[in-house]
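1. Here is a sequence together with a model predicted from it:
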Amino acid sequence: MCTLTYIFIYNIQMMEVSISISTEYIISLRTLTCFSECVFKGCKSCLDGWVSHGAKCYFFSNDAVNWTHSRDHCVSMGGHLVIINSQQEQTFLRSMNVNSWIGLNDFETEGWWLWVDNKPLSQTGVNFWIKWGGGVSEPNNSKKDDPSGENCARLSNPEGYSGWVDAPCGELHAFVCEGLSVN
Ligand SMILES: [Ca+2]
Ligand SMILES: [Ca+2]
């Protein structure tokens, strides 16, 4: 059903504008179409082992690995480390109560946080760095455990708090991958 609708939309676009449509645009059309179908029909749209939420699928690892390994593992499964774009997505991840790596790092330029799709965090519109109170907040690039600082971000849910912290990229943590739903 989803694939048929996508072809229909694709053909209309081709007739109306008579230009080639980028693969990225086709994927986004397909995602939108699948999303509306899932909302109204409750379709199952994720591979086994992945959790459906909205139009996306999420993989919560059991293994703890360093940040680079987690990034590569998500890509090897056809997804990417999770990119958090909204309060709703953060709330969903909070509900899973994990301390997992997310797809955010500042290891190229200190303080300039980039998602794994190379988009800067400053353009996301939201962020969920933990504010500890007393003017202390994350990210703090602490060099206590690693002299190179803290250049990778993970979810954190200590007592009374929930959000993101920066941590040494070589630490071992579980991770969350994000991928498109499949039908
Ligand atoms: Ca840093
Ligand atoms: Ca930190």
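-> All right, it came through fine. Ligands and ions are numbered 1, 2, ... in the order given.
2. Skipping adjacent residues, who's closest to Trp101 in space?
-> Once flanking residues are discounted, Trp101 sits nearest to Phe175: 4.1 Å by C-beta to C-beta, 6 or more residues apart in numbering. All C-beta spots, glycine's among them, are computed from the backbone N, C-alpha and C.
3. For burial, what's the neighbour tally of Lys56?
-> 21 (other C-beta atoms under 10 Å).
4. So what pairs up with it in the strands?
-> On the basis of DSSP bridges, Lys56 is bridged to His53, Leu180.
5. Up against ligand 2, what does the chain have?
-> Taking C-beta under 5 Å from the ion as the contact definition, the chain meets ligand 2 at Glu138, Asn140, Glu150, Val165, Asp166.
6. By neighbours, which of these wins?
-> Glu150 (25 neighbours).
7. Grab the nearest non-local neighbour of that residue.
-> Asp166 (3.9 Å).
8. Who does the one you found form a beta bridge with?
-> Ala153.
9. which residues touch it?
-> When contacts are counted by C-beta atoms under 8 Å, 6 or more residues apart in numbering, Asp166 touches Asp106, Glu138, Pro139, Asn140, Asn141, Ser142, Glu150, Asn151, Cys152, Ala153.
10. Just the buried ones among these, please.
-> The neighbour count (16 or more other C-beta atoms under 10 Å) marks Asp106, Glu138, Pro139, Glu150, Asn151, Cys152, Ala153 as buried among these.
11. Show only the entries of the residues you listed found in strands.
-> For those, the ones inside strands are Cys152, Ala153, with DSSP state E as the criterion.
12. What about ligand 1: which of the buried ones among the contacts of Asp166 touch it?
-> Okay, of those touching ligand 1 (C-beta under 5 Å from the ion), that's Asp106, Asn151.
13. So the residue nearest to Gly179 when sequence neighbours are not counted versus ligand 1, what's the distance?
-> Closest residue to Gly179 apart from its sequence neighbours, by C-beta to C-beta, 6+ apart: Gly79 at 3.3 Å. Distance from Gly79 to ligand 1, counting by C-beta to the ion, to the nearest Å: 25 Å.
14. Distance check, Gly79 against ligand 2.
-> In terms of C-beta to the ion, Gly79 sits 26 Å off from ligand 2.
15. thinking that residue is in contact with Phe59, fair?
-> Yes: if you go by C-beta atoms under 8 Å, Gly79 and Phe59 touch, sitting 6.6 Å apart.
16. so what sits against both of these two?
-> Cys177, Glu178, Gly179.
17. In PyMOL, how would I select the buried members of these?
-> Of the shared contacts of Gly79 and Phe59, the buried ones can be selected in PyMOL as follows, counting by 16+ other C-beta under 10 Å:
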select buried, resi 177+178+179
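18. And the residue nearest to the spatial centre of the chain, how far from Leu114?
-> What sits nearest the mean C-alpha location of the chain, by C-alpha atoms, centre = their mean, is Val82, with 1.9 Å. From Val82 across to Leu114, the span is 14 Å (C-beta to C-beta, to the nearest Å).
19. Many thanks, I have nothing further to ask.
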